[in-house]
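J.: Any chance you can model this:
(chains A and B)
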Amino acid sequence: MAGSFQTVKGFRDFYPEQMALRNYLVDAWRRVSIRNGFVEYEAAMLEYLDLFRVKSGEGIVSELFSLVDRGGRELAIAPEITPSLARMINARIGGLPRPIKWFSIPHVCRAENPQKGRGREFYQWNVDVVGSDEVLADAECIFTLVDLLAELNLSPADAAVFLSSRSLLAAALASVGVANEKHEAVLPVLDKRDKVPPEAFEEMALKAGLEAAQIDRLRRFQDSTTLAEAIGYLEPTDAVATARAALEEVLKLLGAMGAGDYVKLDLHVVRGLAYYTGVVYEAFDSGRALRALAGGGRYDNLLELLGGPKIGATGFGMGDIVLGILLAEKGKLPDFAERCDCFIIDAGEGMFDDALAIVAELRRAGLAAGFSYKRQALGKQLRAAGQKGAAIAVIVGQELRDRGEVVVKDMATGEQAPVARAELARELQSRPRGLAR
RNA sequence: GUGGCUAUAGCUCAGUUGGCAGAGCAUCUGGUUGUGGUCCAGAGGGUCGUGGGUUCAAAUCCCACUAGCCACCCCA
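T.: Okay, the predicted model is just below:
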C-alpha cells in the first residue's frame, strides 16, 4: 500500500465503482419505500448519549462512537435511527396523521470489530409504521421488505423473510411454566437454538433456569415448520391463542398480497433486542452463508420509554453491506459503467469548434455527450467512444461544410448514415440511450 | 474488547536455504493526416502495510503497531 494513511478501521471509501453500487441500492430503497406509501425523513447524526442509554442500557456505550464536546455534553454518533425516530415523532405526536409511515436511509456508526458483512459504518434503510396496533402495519412493512428483494431481482430461492413472534414466544414460555422473571434470561438462549450445538444449547438452557422437560418442549416448538404443529407442544392458554391468531393474520395478509413465497415461519428468530413486543422477523440469503440482510418487528413500548405516549410501532432495518455482498455473489448487479449516450468526434483540421458546439447543444438537450480531450485520428476517437460505452458516435467532418450534415454511427451495429446538423438533437433523442454493449 | 490467519504495482498474484523487485490485466505514449471495440511496439508505476530489531546483507527471520479476513462478544 502506497502512502502512510489507511482508512480508519471499519470505515470505507467509495470510489466511483463503489459509489455506483451504493447509489443503486439507495435508489431502490427510496423507490420501493415511496411506492409503498412511506415518506422520507432524516434525523440528526449526533444525538445525546443518554438517548441510546435509555433505549439500550449502559452497555451500549462501549458499542458506539461517543464524545464530549467543548461544552461538556456527552454525545454519540447515532448507531441506529429508531431512537431518533421515536424522539422526532414524540415531539410532534399531536399533529401527525396516523398511521405514520416514515422511512429513512441514515449513515450510522457502531464501534464493533469488523468482519465480512459488518463494518463500523454503514447505510441502513429503515421503514417504520407508527401509530397502529394492527398486524396490517406489520404486514405492510414485511411486504415492503419483500418488494425490495423482488425489485433487486432476488427470488424466494435467493433470499427470504423468516417470521416469528415475541408475544408467541413469551406465551410459549409461560404456557410451559417458565416464570416471567426468567424470560429475559431465556430468550437469548432460544435465539441461539440453531446457532450452537445441541449440547451447548442444553447447557445454556439449564443455566438460564429451564428444566429438562421444558427444554425439550421448547426445542420441539421452535423446530416446528407449521404454526399448528408448534402450538401442539404448548398448553392452550389465552395468550398462546391470541399470539397465534396475530401471526396467522400476518401470514394471511402477506399471502393475499402475493408475498407468501418470500415469507416462512421460523420460531428460531428471536432478535436480541429486549424491546420487541410482537411479530419479529429477519431476512436471510437462502444458503444462510451471510449475516442477516434485514431485521425488524413490533416495538410497542419504545416511544413511551423515550418520554412519549404509549403508542404502537413496527418496522425494520436493512444495511447496505450484506445486501451488496449477496447481490454481487448472486450475479444480480447491473453494469455500472458511466452513462454516455453519444460521443462527438471531430474529423479533420478545424472541425473541433463545430464538434464542441454540437456537444454543448446535445448536452443542453439532455443527452450525455462525450468527446476526446485530444485532437487525434478518427480511429483513436472511435476507440475512446467505445471505451466510454457510447451508443452512438457523431462524426463531424467535411460533410458539415459541404452539405450541413454530420455522420451518425451506431456503435453496436457499425451502421452509419448522414443526418442534417439541424436535425441531430431530435434524431438522437428519438434513439435509445445508454450503453451499446 | 479477546484470540487465529494475512499484508509485494491500480487489480489478481509469483518471489527457492536471507543475496540486484517480477508476471498477467489495467493505465499512459506511439504505429504520420476519415472508421472502434479482439492488433503490434514502447513507457510509467512499488521505502515489499508502518516503525524498530537481528545480520556483511531482510520482501524473506524476530518484536510492536495499523488494517483486512475468520472465530468469540455483540448484533440496535
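J.: use CA for all of it now, contacts and neighbours both
T.: Fine.
J.: so does stretch A:17-28 get close to RNA strand B?
T.: No. Using Cα under 7 Å from any atom of the strand, stretch A:17-28 never reaches RNA strand B; the gap is at least 11.3 Å.
J.: brain fart, stretch A:97-110
T.: Yes. Shown here: stretch A:97-110 in contact with RNA strand B (Cα under 7 Å from any atom of the strand) through A:R110.
J.: Quick one: mean pLDDT for that stretch?
T.: Mean per-residue pLDDT for stretch A:97-110: 96.
J.: Equivalent analysis for stretch A:426-437, please.
T.: Stretch A:426-437 comes out at a mean pLDDT of 72.
J.: quick one: contacts for A:V396?
T.: A:I344, A:I345, A:D346, A:A347, A:M351, A:D354, A:A355, A:V406, A:V407 (Cα atoms under 8 Å, 6 or more residues apart in numbering).
J.: Buried only: go through the residues you listed for me.
T.: A:I344, A:I345, A:D346, A:A347, A:M351, A:A355, A:V406, A:V407 (16 or more other Cα atoms under 10 Å).
J.: Got the domain ranges for chain A?
T.: Using automatic domain parsing, the domain ranges for chain A come out as A:16-43+A:78-329, A:342-429.
J.: tell me the SS of A:K264?
T.: At A:K264 the chain is in strand, as set by DSSP: H, G, I helix; E, B strand; the rest coil.
J.: all strands for the stretch 151-300 of chain A, in order.
T.: A:159-165, A:263-265, A:279-285, A:294-298 (DSSP state E, counting those that start in this stretch).
J.: In which helix or strand does A:V394 reside?
T.: In this structure, A:V394 sits in strand A:392-396 according to DSSP states H and E.
J.: Can you read off the pLDDT for A:V407?
T.: Listed pLDDT for A:V407 reads 95.
J.: part of a strand, is A:G379?
T.: No. When classified by three-state DSSP, A:G379 is found to be helix rather than part of a strand.
J.: Spatially central residue in chain A, please.
T.: A:M318 (4.0 Å; Cα atoms, centre = their mean).
J.: Close to RNA strand B: what parts of the stretch 301-437 of chain A are there?
T.: Counting by Cα under 7 Å from any atom of the strand, the stretch 301-437 of chain A sits next to RNA strand B at A:317, A:347-349, A:376-380, A:382-387, A:395-399, A:407, A:409-414, A:436-437.
J.: Just give the closest residue to A:K264, not the sequence neighbours.
T.: Residue nearest to A:K264 in three dimensions, not counting chain neighbours: A:F162, with 5.0 Å by Cα to Cα, 6 or more residues apart in numbering.
J.: again with A:A137
T.: A:V129 (6.2 Å).
J.: what's the neighbour count on that neighbour?
T.: 24 (other Cα atoms under 10 Å).
J.: Is it within a helix or a strand, and which one?
T.: strand A:121-130.
J.: Let me know whether that strand sits next to RNA strand B.
T.: No. Strand A:121-130 is not in contact with RNA strand B by Cα under 7 Å from any atom of the strand; minimum separation 9.6 Å.
J.: From the contact counts, what lies against that strand?
T.: Strand A:121-130 is packed against strand A:100-104, strand A:107-109, helix A:135-151, strand A:313-319, helix A:320-329, with contacts defined by 3 or more Cα pairs under 8 Å, 6 or more residues apart in numbering; DSSP states H and E.
J.: on that earlier part again, let me see the confidence value for the closest residue to the residue nearest to the centre of chain A other than its chain neighbours.
T.: Leaving out its chain neighbours, the residue that sits closest to A:M318 by Cα to Cα, 6+ apart is A:A294, at 4.3 Å. We have a pLDDT of 95 for A:A294.
J.: ok, so of the contacts of A:V396, who is nearest A:G94?
T.: Proximity of these to A:G94 (Cα to Cα) peaks at A:I344, which lies at 58.4 Å.
J.: State whether that closest one is indeed within a strand.
T.: Yes. Judged by three-state DSSP, A:I344 forms part of a strand.
J.: residue contacts, it?
T.: Applying Cα under 8 Å, 6+ apart, the residues contacting A:I344 are A:A355, A:L356, A:I358, A:V359, A:A369, A:G370, A:F371, A:S372, A:A393, A:V394, A:I395, A:V396.
J.: rewinding a little: can you tell me which of the helices and strands packed on strand A:121-130 is most buried?
T.: strand A:313-319 (a mean of 26; mean count of other Cα atoms under 10 Å).
J.: for the record, mean pLDDT for that strand?
T.: According to the model, strand A:313-319 has a mean pLDDT of 96.
J.: Now find how far off-centre that strand is within its chain.
T.: Computed by Cα atoms, centre = their mean, to the nearest Å, the chain-centroid distance of strand A:313-319 equals 10 Å.
J.: So in that sheet, which strands flank it, and in what orientation?
T.: Looking at strand A:313-319 with DSSP bridges, its partner strands are strand A:121-130 (antiparallel), strand A:294-298 (antiparallel).
J.: which sections of chain A are below the confidence cut-off?
T.: Within chain A, the segments meeting pLDDT under 70 span A:1-4, A:273, A:432-437.
J.: For the stretch 1-150 of chain A, what lies in contact range of RNA strand B?
T.: So far as Cα under 7 Å from any atom of the strand goes, the stretch 1-150 of chain A lies against RNA strand B at A:1-4, A:6-11, A:56, A:60, A:63-64, A:79-80, A:82, A:110-119.
J.: Please spell out the PyMOL selection for the buried subset of those.
T.: Of these, the buried ones go into a single PyMOL selection, burial set by 16+ other Cα under 10 Å:
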select buried, chain A and resi 10+60+64+79+80+82+110+111+112+117+118+119
